[in-house]
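Participant: What follows is a predicted protein model with its sequence.
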Amino acid sequence: MTRLTAGDTNLKMPNRPNLLEVRNLKKAFSVSPGPLGGRHLKLRAVNNISFDLKQGETLGLVGESGCGKSTTGKLILRLLEADGGQVLFGGQDILQLSRKQIRPLRRQMQMIFQDPYSSLNPRMRVGEIISEPLKIHGLAQGGDIRPEVLRLLDTVGLTKEHYNRYPHEFSGGQRQRLGIARALAVRPSLIVADEPVSALDLSIQAQVVNLLQDIQQEFGLTYLFIAHDLSVIEHISDRVAVMYLGQIVELAKAEELYRAPRHPYTEALLNSVPVPDPNRRHIYKPLSGEVPSPISPPPGCTFHPRCPYARPLCKEAAPPLEDKGSEHLAACHFSEEVGKFRNPVRR
Ligand code: SF4
């Protein structure tokens with residue numbers, strides 16, 4: 001992947017207004033007690049998170065599976081209902097809107113899924129799949145629909161030969177292009193991309209990521225890009241938020257977060273990316289320990305059972321997410337020490 005780097009996009013992005021402001025967002029799921037009975041338990045999937053997204057920006061949301069990043073994306077689009085907090089889109093709290101009131105906003109906020117096949121109707125041809133949202137939102141009518149669909153196919157690298165085909169006739173990468181064309185059809189301003197390339201081969205991943213960057217430039221899109229792959233996140237993001245057990249533990253410009261992480265979890269994640277040089281693999285350090293259950297998270301800092309920097313204070317007091325300088329936020333009592341365990345091969 002060699003196109004824009006995070007640094008390039010930072011330079012190209014002047015101070016723009018926020019398109020999205022997430023404030024104290026919360027979501028817990030009730031977990032049934034099992035065959036032996038007992039009380040229902042609460043799983044805090046998203047626990048009081050806040051962040052902003054500027055117009056035209058890409059914010060990467062990264063963390064191990066089950067950390068709450070996909071739930072966050074769904075809450076923002078109201079595919080799931082939040083328990084509390086605010087999601088301000090263009091200044092309007094969409095969590096307070098009725099289903100009817102939110103309908104016109106739906107067009108502006110689209111989602112790209114990991115598995116586009118499951119969201120494409122297998123009985124519909126490509127032309128119908130992409131023209132459907134155009135008709136629903138009144139964006140094209142009659143004879144204007146087909147040329148608009150062909151233009152969208154061209155934009156995502158498909159051709160007019162694909163117009164009459166069914167989704168099963170496409171490869172994984174082509175189906176993701178189809179999902180992108182359908183999302184683009186309604187001219188959104190925000191796209192939540194939930195692991196959009198993780199099911200694809202490496203070479204195809206690069207093509208789809210490059211396509212997402214191209215259309216971002218062309219259509220002025222803003223992305224919340226959710227992934228567990230740190231390389232993909234680094235390549236596409238202007239800023240990165242790291243989630244652990246339903247909370248944001250670090251948030252900074254991508255270049256800075258990768259160069260000098262201020263949270264031990266981020267450092268551990270970066271260390272756990274395999275080194276491609278076989279002579280230097282001894283430095284590869286997998287992240288130790290299991291993610292604790294979000295049903296009964298550890299007290300104090302929830303990362304303390306896995307943290308090489310942990311001290312007694314960490315078990316007693318949860319560290320707040322605070323600015324450690326230059327808008328580099330981290331939730332760690334000892335963030336100034338982070339770097340001691342950094343794999344020197346990674347940077
Ligand atoms: Fe580790 Fe303590 Fe920082 Fe938590 S607060 S990440 S346990 S050093």
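Facilitator: Happy to help now that I have it.
Participant: Please make it C-alpha for all contacts and neighbour counts, starting now.
Facilitator: Fine.
Participant: Break this protein down into its structural domains.
Facilitator: The chain breaks down into these domains under automatic domain parsing: 122-187, 262-337.
Participant: For residue 102, which non-adjacent residue is spatially closest?
Facilitator: Setting aside the residues directly before and after it, residue 102 is nearest to residue 94 in space (Cα to Cα, 6 or more residues apart in numbering), at 7.0 Å.
Participant: wait, that neighbour sits on residue 87?
Facilitator: Yes. Residue 94 lies in contact with residue 87 (Cα atoms under 8 Å); the separation is 5.8 Å.
Participant: With neighbour numbers in mind, choose between the two.
Facilitator: residue 87 (26 against 19; other Cα atoms under 10 Å).
Participant: Three-state assignment for the more buried one, please.
Facilitator: Of the three states, residue 87 takes strand under DSSP: H, G, I helix; E, B strand; the rest coil.
Participant: Enumerate every residue touching the residue lying closest to it once chain neighbours are set aside.
Facilitator: Excluding its sequence neighbours, the residue lying closest to residue 87 (Cα to Cα, 6+ apart) is residue 22, at 4.7 Å. By Cα atoms under 8 Å, 6 or more residues apart in numbering, the contact set of residue 22 is 49, 50, 51, 52, 85, 86, 87, 88.
Participant: May I see the buried residues of the one helix or strand the fourth one maps to?
Facilitator: Which is residue 52. Element membership of residue 52 [criterion: DSSP states H and E] is strand 41-54. Buried residues in strand 41-54, counted by 16 or more other Cα atoms under 10 Å: 43, 44, 45, 46, 47, 48, 49, 50, 53, 54.
Participant: Kindly report the same for stretch 139-146.
Facilitator: For stretch 139-146, by 16+ other Cα under 10 Å, it's 140, 145, 146.
Participant: Can you give the distance of the helix or strand hosting the second one from its chain's centre?
Facilitator: Okay, so that is residue 145. In the assignment (DSSP H and E), residue 145 maps to helix 145-155. In terms of Cα atoms, centre = their mean, to the nearest Å, the centre of helix 145-155 is set 27 Å apart from its chain centre.
Participant: ok, now stretch 104-122?
Facilitator: From the chain centre to the centre of stretch 104-122 is a distance of 15 Å (Cα atoms, centre = their mean).
Participant: which residues sit against it?
Facilitator: Applying Cα under 8 Å, 6+ apart, the external contacts of stretch 104-122 come out as 77, 129, 137, 166-168, 175-176, 178-180, 183, 186-199.
Participant: and what of stretch 226-241?
Facilitator: Stretch 226-241 is contacted from outside by 1, 4-7, 9-10, 57-65, 69-70, 73, 192-196, 198, 209, 213, 225, 248-255, 257-258, 270, 273, using Cα under 8 Å, 6+ apart.
Participant: got it, and stretch 26-46?
Facilitator: Identification of contacts with stretch 26-46 by Cα under 8 Å, 6+ apart yields 25, 47-49, 66-68, 71-72, 81-85, 245-247, 294-296.
Participant: swap in stretch 200-210?
Facilitator: Under Cα under 8 Å, 6+ apart, the answer for stretch 200-210 is 1, 3, 172, 173, 176, 177, 197, 198, 232, 236.
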